[in-house]
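Peer 1: Just the structure for this:
(one chain, ligands or ions: 2)
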Amino acid sequence: MTDISEIQELLKPHGLIVRGVLEATDIERAPIIDGDTDTRQLVLVGNAGSSMWASFSVSSEYGDALPHGLDRWSRRIGEDIARQLDGRALFPWEGPPYPPFLAWAKRVDQVFPSPVSMFIHGEYGLWHAYRFALALPGRCSGIIGAPDGDSPCLQCADQPCLDACPVDAFSVGNYRVGRCLDYLEADEESDCRQLGCAARRACPVGRSFTYQPDHARFHMEAFVKSCLVKQ
Ligand code: SF4
Ligand code: SF4
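Peer 2: Ligands and ions are numbered 1, 2, ... in the order given. This is a model prediction of the structure:
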């Protein structure tokens, strides 16, 4: 039996953390693991704040300037660690069918929907992500569940996230991505492009986890590029 602390140690050099553990019997959308009778538990892995940036930003995947550098970095690390644990790695972008990471996260992590179209975490705020999951044939010991708690948004009377966007991309209850993209494309020097989404930065929760500027800039550039490719 693998202790969860051993997995944490394997992830630590990459700035990644265990975000939660699901039982195989509790995994939604069984076709993701259809025919996989070996998997007993699924360990969700991700980052909180810029913890992974020190590792990713010096990696070959970051430096080669080829597309999807962060996904390729995640794949290399996820598959290597899964191999060491006799399991396999699953990735959010790999499909169809795509593994339902957010549905899984809602079950085992302290995350909730927010008004700005991303999940908010009770401690990390809007500054976190899921990179991969480890499908393991055995059970882990030493698992500590996420603390109970309500969404921080329920206590947030002013909702500053909804007033911070310079183009009101969230003002009608959904994310008007076209408005956001037009703004980002028009001004490469805007704070959103250089420092990260202003709506996200306005949230008071998890401020100490705010992505550092080069990390935030990387995601904004990747977002703009991916939207342009789809057009
Ligand atoms: S600013 Fe308030 S409402 Fe908006 S995401 Fe943060 S906690 Fe939730
Ligand atoms: S990145 Fe800027 S323009 Fe886009 S939604 Fe966030 S605040 Fe609005």
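
Peer 1: can we go C-alpha only for contacts and neighbour counts from here?
Peer 2: Noted.

Peer 1: tell me the secondary structure for the most centrally placed residue in the chain?
Peer 2: By Cα atoms, centre = their mean, the chain has its centre lying nearest to Ala129, at 1.5 Å. Of the three states, Ala129 takes strand according to DSSP: H, G, I helix; E, B strand; the rest coil.

Peer 1: Please verify my assumption that Pro137 contacts Gln41.
Peer 2: Yes. At 6.9 Å, Pro137 counts as touching Gln41 under the criterion of Cα atoms under 8 Å.

Peer 1: Settle it for me: which of those two has more neighbours?
Peer 2: Remark: of Pro137 and Gln41, Gln41 carries more neighbours, 22 against 19, as counted by other Cα atoms under 10 Å.

Peer 1: The more buried one touches Leu22, doesn't it?
Peer 2: Yes. Between Gln41 and Leu22 a contact is recorded at 5.6 Å, counting by Cα under 8 Å.

Peer 1: Any residues of the protein in contact with ligand 1? List them.
Peer 2: Ser114, Pro115, Pro152, Cys153, Cys156, Gln159, Pro160, Cys161, Cys203, Pro204, Val205 (Cα under 6 Å from any ligand atom).

Peer 1: coming back round to it: which ones are touching the residue nearest to the centre of the chain?
Peer 2: With contacts defined as Cα atoms under 8 Å, 6 or more residues apart in numbering, the neighbours of Ala129 are Gly46, Asn47, Ala48.

Peer 1: If we ignore the residues flanking it in sequence, what's nearest the second one?
Peer 2: Same thing as Asn47. Distance criterion Cα to Cα, 6 or more residues apart in numbering; nearest residue to Asn47, sequence neighbours excluded, is Leu16 at 5.0 Å.

Peer 1: For Tyr175, see how far away that neighbour is.
Peer 2: Note on Leu16: its distance to Tyr175, by Cα to Cα, to the nearest Å, is 28 Å.

Peer 1: more crowded one of those two?
Peer 2: The residue with more neighbours, out of Leu16 and Tyr175, is Leu16; 25 against 16, by other Cα under 10 Å.

Peer 1: Kindly state the domain boundaries assigned to the chain.
Peer 2: Residue ranges for each domain of the chain read 2-149, 153-230, as given by automatic domain parsing.

Peer 1: returning to what we had before: most neighbours, which of the contacts of Ala129?
Peer 2: Ala48 (23 neighbours).

Peer 1: ok, for Pro113, nearest residue in space, not its chain neighbours?
Peer 2: Using Cα to Cα, 6+ apart and skipping the chain neighbours, the partner closest in space to Pro113 is Phe119 (4.7 Å).

Peer 1: Please apply the same query to Val177.
Peer 2: Nearest to Val177 is Ala169, by Cα to Cα, 6+ apart, at 6.9 Å.

Peer 1: Please confirm that the one you found is located within a helix.
Peer 2: No. Secondary structure of Ala169 (three-state DSSP): coil, not part of a helix.

Peer 1: Could you give the number of residues near it?
Peer 2: For Ala169, the neighbour count with other Cα under 10 Å is 22.
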